[in-house]
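Participant: here you go, sequence then predicted model.
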Amino acid sequence: MDFALDTFRWLTDPTNHSGPNGIPVRLWEHVQVSFLALFLATLLALPIGLLIGHTGRGEFFAVSVANIGRALPSFGILGIVFPLTLGVLPGFGYYPTLIALFLLAIPPILTNAYVGVQNVDRETVEAARGMGMSGRQVLAKLEVPLAAPLIVAGLRTSAVAVVATATLGAVAAGPGLGRFIIDGFVTRNLAKAAGGAVLVAVLAILTELAFGLLERSLTPRTSSQGRRRTPRAGGIATPETA
Amino acid sequence: MNQPVIGAILDWDWVGRQLDTIGVQLVEHVQLTAIAVGVGFVISFPLAVFAYRHKRFYAPITWVTGVLYTIPSLALFILLIPYTGLSTATAEIGLVSYTLLILIRNIVAGLRAVPADVKEAAEGMGYTRRQILWSVELPLALPVIMAGVRIATVTTIGLVTVTALIGKGGLGFFILRGLRDFFPTASIVGAVLSVALAVVADGLLLLVQRFLTPWARAVKVRAFA
């Protein structure tokens, strides 16, 4: 158990909590780059997903994005983006990490928005149309609220993947908590590496829990269909979605 | 259209010289994946059947496997190193633990989707619980179970690349090389072949699924006739 004790000592050592390489700075870097990547990906992918679901056009595109997103390894995205953007963008590891995380976050957000809107009961949509609602009103007042739990489930999948993959950015001098892991690993300071690993794991689990709570709060409980399980990457997949 | 761009990025001579290494890493990638999904299934299957029969255990089992699934792969590998070192065991423990949530959820979902009247009919015919499981429930749940196996396989093929950081990695070896030496060709070779492997594995498993459930096809044929 010496290893666990050393890791605990590293995590609680006050000297690791201050300075430009301290835990708070690295934690902030990690959260900042993850949040910005998720925000930018949402800005792009959410409207496209909603539009595909609303119009029923471009479904092939949405399915393709989902399939490629699942098969493309996040480590591979980093590996390709890093050498290609080096020298093109300022800074060493920040922008390549941001771009890789942004690309990684797109597929789950886009797919879930599309599936969420598409799953809205067609009769309800037609009733709304019959009441004189415009296409835009149907989308804003009916489809988006009803699809909200699935949309948040997509954000959750992306957020957890982004927080996890931000760790890998440190392999090529990216920002964040992964630095502790890589630096500790390279200098054979296992307590440091493990301390970083614990911090990253806790951050990922907190991210999952936070989005899980948000998702639950948006899911209607009295619906006659009951609470639908939300299909997300790694979740229950019917043969059609696989 | 993209030909000149790709041509400029890719160092084809290097690719040509690496063919032997690519073959070796490809085999390692397949081995790591096959062991992970195989062992993952052997662990998941009894747990899933148990969680299906005893409903109150489903939530705790998916909670524990969900936490495992959420821990970033690199963090999990690092935390295992003091115990299992830079070994295949470290890589496999991590990879197996990521397959559990996917497989258990899909096996349980498949079993739950079996219509109650079918089970009752089998009971009425005097089938034991074990017989119902093996000759009624599992065959009917097979498409959903196979969907889980396919997702687990595709996910694992992607995750294997990360094990390059602990000295394994299959095709991830090339991705790491590209990252360290700022040599895009190597990363692209690793990533593209990894995606290709995932697509091929998914297709093969779909064929296995069709072979195992010939009745599903028969229904479709009748529907079109």
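Facilitator: That came in fine, so what should we check first?
Participant: going forward, measure contacts between C-alpha atoms and count neighbours the same way
Facilitator: Will do.
Participant: can I assume residue B:138 is in contact with residue B:111?
Facilitator: Yes: counting by CA atoms under 8 Å, residue B:138 touches residue B:111, with 6.8 Å between them.
Participant: how far does stretch A:104-118 sit from its chain's centre?
Facilitator: 11 Å (CA atoms, centre = their mean, to the nearest Å).
Participant: residue B:138 and residue B:111: who's more crowded?
Facilitator: Neighbours were counted for residue B:138 and for residue B:111 using other CA atoms under 10 Å in any protein chain shown; residue B:111 has more, 23 against 18.
Participant: measure that one to chain A for me?
Facilitator: To chain A, residue B:111 is 12 Å away according to CA to the nearest CA, to the nearest Å.
Participant: tell me which element that residue is part of?
Facilitator: Using DSSP states H and E, residue B:111 maps to helix B:88-112.
Participant: give the buried residues for that helix.
Facilitator: B:90-111 (16 or more other CA atoms under 10 Å in any protein chain shown).
Participant: so does the top helix by length along chain A get close to chain B?
Facilitator: Ranked by residue count and defined by DSSP state H, the top helix of chain A is helix A:23-55. No: using CA under 8 Å from any CA of the partner chain, helix A:23-55 stays clear of chain B, coming no nearer than 13.3 Å.
Participant: and residue A:132, which of the three is it?
Facilitator: Of the three states, residue A:132 takes coil according to DSSP: H, G, I helix; E, B strand; the rest coil.
Participant: tally of neighbours for it?
Facilitator: Residue A:132, neighbours per other CA under 10 Å, totals 11.
Participant: most centrally placed residue in chain B?
Facilitator: For chain B, residue B:153 is the residue whose C-alpha lies nearest the centre (CA atoms, centre = their mean; 1.9 Å).
Participant: helix or strand for that residue, which one?
Facilitator: helix B:138-160.
Participant: what is that helix packed up against?
Facilitator: helix A:59-71, helix B:19-53, helix B:88-112, helix B:184-212 (3 or more CA pairs under 8 Å, 6 or more residues apart in numbering or on different chains; DSSP states H and E).
Participant: tilt between the second one and helix B:138-160?
Facilitator: Okay, so that is helix B:19-53. If you take axes from the mean of the first three to the mean of the last three CA atoms, to 10 degrees, helix B:19-53 sits at 140 degrees to helix B:138-160.
Participant: from the chain's centroid, how far away is helix B:19-53?
Facilitator: 6 Å.
Participant: re the thing from before, any chance of JSON lines for the helices and strands packed on helix B:138-160, columns mean pLDDT?
Facilitator: Output for those, formatted as JSON lines (pLDDT from 0 to 100):
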{"stretch": "helix A:59-71", "mean pLDDT": "83"}
{"stretch": "helix B:19-53", "mean pLDDT": "96"}
{"stretch": "helix B:88-112", "mean pLDDT": "95"}
{"stretch": "helix B:184-212", "mean pLDDT": "92"}
